[in-house]
Structures are given as structure tokens and as C-alpha cells.
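1. Would you be able to build a 3D model of this:
(one chain, ligands or ions: 2)
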Amino acid sequence: MTITTEKGIRKTVEEAIDNQPITDIHTHLFSPNFGDILLWDIDELLTYHYLVAEVMRWTDMDAASFWRLNKKEQAELIWQKLFIERTPVSEAARGVLTTLQEMGIDPKTKNLDTYRAEFAGRTAEAQVQAVMEQANVSNIVMTNDPFDEQERAIWLDGMKPQDNFHAVLRIDPLLNDFENTKESLRAWGYDIQEKWNEQSIAEVNRFLEDWIGMMSPLYMAVSLPPSFAYPEDSDRGRIIRDCILPVTKKHNIPFALMIGVKKRVNPDLIDAGDFVGKADISALENLLAENQENKFLVTMLSRENQHELAVLARKFRHLMVFGCWWFMNNPVIVNEVTRMRMELLNTSFIPQHSDARVLEQVVYKWKHTKTVLKDVLTEKYEDVRSTGWPVTKEDIEKDVAALFQENFWNFLEKDFRR
Ligand code: FIX
Ligand code: ZN
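-> Residues are numbered from 1 along each chain as shown. Ligands and ions are numbered 1, 2, ... in the order given. Here you go, the predicted structure:
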């Protein structure tokens, strides 16, 4: 059915976006059967590291004193400073209110205990189902770290995620701290030599194969500093060349690079202490040019890297650009970057992931993103319609399906959706 007015375009775009199930391709959530490492409820929402960074600007309490508070006390301080004493206009603060609103909890009381009462008595399994239904997220992709003792034990016990949760093998310690990580690998029975030789390569690959066998990961992922270079005569350069690229190619899984995070510039803030820097994208250009049979999922943290990343994707179809990551996930930037990506890549990219660390963040992060995407897509389809080109409801629905999940599963060339 061809749409004949701009009003018709907006209505069709809004319905297509609201009705489209989403695969959330990068989160820090866990299948509820993994236990307490899945974070959820109002106190976890309020103590999200984004809000920790923001509250530290309104208190003279030092970080060590803050971390000595218990979770509820931390949440109460954040509530008082960012919600009661001033208006919660920041994206992360507004997100808490959107979450309450979408969950049918009236924010007007401004009373934290009334919100806590709403979450009390719920189970993780029921909350997962409620949140996924509310956000229309049908599949959640996790971040799974074999170097995290708590999570490692869960996998070694033979635990597998429930159907609509999918694993990702995260390898930051292997690539960014091999000097220390090789000691762990040796302790786990991998005979890593002091020299980087055939034996060391084989043992790192055996480690990767063991975890691929346990996790069946959709992709292998790492976050990288702005200084990331490739090729590079370093542990990271050699492990990427000799291990990550051949193993991901063998298993036909993408190598996901999240580039531009400067870790712990303020270590006292822990997860809230990470910063951003513009990266030299030639590292990615070299990886893509030299490895045209590999697949690369890439997101970059600096706004200044976004244009060149989108142009690079025009050169190499084995690069799939995804998300507005972390400090990029603010409406003003999501709007600008999504427009630019559509103008350069048509719909051949993945516009967003939630990066949720707390379950209920899926609700607000997708609600906020959808609001922006409705504006952007309405404008883009109206631009096309105004040329006289017939735009139909089916066209828009097909494109929205691509953006919200088909591009991801087609890029994987496998479909584990349930
Ligand atoms: O490396 C990552 O996966 C980052 O997303 C996280 O480390 C970061 O703390 C985060 O959650 C940002 O949204
Ligand atoms: Zn993340």
C-alpha cells in the first residue's frame, strides 16, 4: 500500500518500529538461570556507573567513602543528589524515570521506598519476561568473560543460557593484558611459553576453542584503547594475527572490536572511571584489507570517529557497523550518527544496542532510541516519497526489520533466534 502523505509516513514508521521485535546485540545481562550476576531492580538502576560518575560531581564525598556505602545507601545518595535536589535531565537519570513509567510505576511520589516495594516480590525470571515484552526485545546477546572467576565457574558447571539469551566470548584480558593473563592460562593448564612460538599459538588457540565449545558464542569481542594499532609488534598484535583471526574465520563468527575506550583514567571511580579518545582508524582499515574472509562487527566510542567508520564500511562489506556506544548513546548523537549512517550506508548497519548492565535498562534505552529513530526514519522516507517514488508500508517494515535484527543474523549467516 503506497503511502501518500508525510503524516502517513510518520504513522507507518512509528507502527513499524513499535511492532518490530529487536535482537539486542550487545548487553552485560545474563540469562536468569546464571543467578545473581544478572543485575535488576531500582537500587541497581540507580547505582549504574553512569550515575555514579554524575553524582560525584554533586558531592564532596570521596570515592572511597562512596564505595563503603552499601548498595541502598549509594542509591539513596544518588536519588537525593540527582533526582530530589535537581531535575534529572541527564540521559541516564531520565532513563530511570522512563523505566518506572514504562513499568507502570508512578514516579510522582519521588519516594524510593514506594518504588522498591514495586520491585519486591518479583522473580528474576518474571522480570526478564516482563522487560523483554515491554521493550519488544526478543533476543538478548550477552557479554561472557571466561576470565571473570564468578562467571567462569558458572560455565564450568555446565550451565547454558536459556533459549533467547546468546553468548559472546569476551577476550579483553587476553588481548590487553597478556603479560598477566598468560599466568592464568598456565594455571588453567595451557602451556604458554615465554616466547611467542608455535606452542604458545597452539595453546592460546586451544583456550579459545575450549570456550567456543562451552559457549557457542555468536561472536568474539574485545574493547580497545584509542591507541589501538594493527599490525603491531606487540602481544595484542601477535595474538590477533595468529589466533583471533584464524579461529574466528574457522568458526565463521565475527570479531567484534569496540574501539576508543581509555580505561580507568580515574581508577577511584572503577567502572565509572573510563574515558574516551579518538582512535586511528587505519588499524581497522588494515585489518579489513588483509582479512577479507573474516567478519568484523565494529563500534567506536569517539564521535569524531563516526564519519570515517561509516565511509570505511562503504569500502568493505565484511565490516558491520553497530550501535551508538556508551558516551555516544545520547539522543543528540544518536540522531546525528543514524542520519549520517543512512545517508552513507542506506540500511546496511545496526543502529543500536542497549549495553544494558541492569535488566530494566533495556526498557529505557530502547524507548529513547526508538523515539529518535522514528524522527530520523520519517524524514528519510519522506525525502524519498517527495521525489515521487512510491514508498509502501511493506518497504518500511522490511527496512526496520533489517535494522532491528535481520542485518545482525544475516551477517552471522546463522539464525539462533527463538
Ligand atoms: O566494554 C564494554 O562492553 C563497555 O560497554 C562497558 O565496559 C561499559 O562499562 C559500559 O557498560 C558502557 O555502556
Ligand atoms: Zn558493553
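2. hey, let's count contacts and neighbours off CA atoms from now on
-> OK.
3. any idea what sits nearest the residue of the stretch 301-418 of the chain found nearest ligand 1, other than its immediate chain neighbours?
-> Distance from ligand 1 to each residue of the stretch 301-418 of the chain (C-alpha to the nearest ligand atom) is smallest for Trp326, at 4.1 Å. Spatial nearest neighbour of Trp326, chain neighbours left out: Leu301 (7.0 Å); criterion: C-alpha to C-alpha, 6 or more residues apart in numbering.
4. Would you mind listing what in this protein touches ligand 1?
-> 223, 271, 326, 355 (C-alpha under 6 Å from any ligand atom).
5. From Gln150, how far off is the residue nearest to Trp326?
-> Computed as C-alpha to C-alpha, to the nearest Å, the Leu301 to Gln150 distance reads 28 Å.
6. ranges for the strands of the stretch 301-418 of the chain?
-> Ranges of strands within the stretch 301-418 of the chain are 319-321, based on DSSP state E, counting those that start in this stretch.
7. element containing the residue lying closest to Leu46 once chain neighbours are set aside?
-> Take Leu46 and drop its neighbours on the chain: the residue closest to it by C-alpha to C-alpha, 6+ apart is Ala75, 5.3 Å away. Ala75 is part of helix 71-79, with elements assigned from DSSP states H and E.
8. okay, the angle between the helix or strand following that helix and helix 71-79?
-> Remark: after helix 71-79, the chain's next helix or strand is helix 91-102, criterion DSSP H and E. Put simply, helix 91-102 runs at 110 degrees to helix 71-79, going by axes from the mean of the first three to the mean of the last three C-alpha atoms, to 10 degrees.
9. What residues of helix 91-102 count as buried?
-> 91-93, 95-100, 102 (16 or more other C-alpha atoms under 10 Å).
10. Equivalent analysis for stretch 116-135, please.
-> 119, 124, 127-128, 131-132, 134-135.
11. Pick out the most distant pair among those.
-> Farthest apart among the buried residues of stretch 116-135 by C-alpha to C-alpha are Phe119 and Ala135. That separation is 17.5 Å.
12. Secondary structure class of the one residue in the stretch 151-300 of the chain that gets nearest to ligand 1, three-state.
-> Per C-alpha to the nearest ligand atom, the residue of the stretch 151-300 of the chain with the smallest distance to ligand 1 is Ser223, at 5.0 Å. Under DSSP: H, G, I helix; E, B strand; the rest coil, the three-state class of Ser223 is strand.
13. what's the first-to-last distance across stretch 215-231?
-> Stretch 215-231 end-to-end distance (C-alpha to C-alpha) = 29 Å.
14. Then stretch 345-358?
-> 32 Å.
15. Which residues does that stretch contact?
-> With contacts defined as C-alpha atoms under 8 Å, 6 or more residues apart in numbering, stretch 345-358 is touched by 24-29, 38-41, 44-45, 48, 310, 313-314, 320-326, 338, 341, 361-362, 365-366, 369, 399, 402-405, 407-408.
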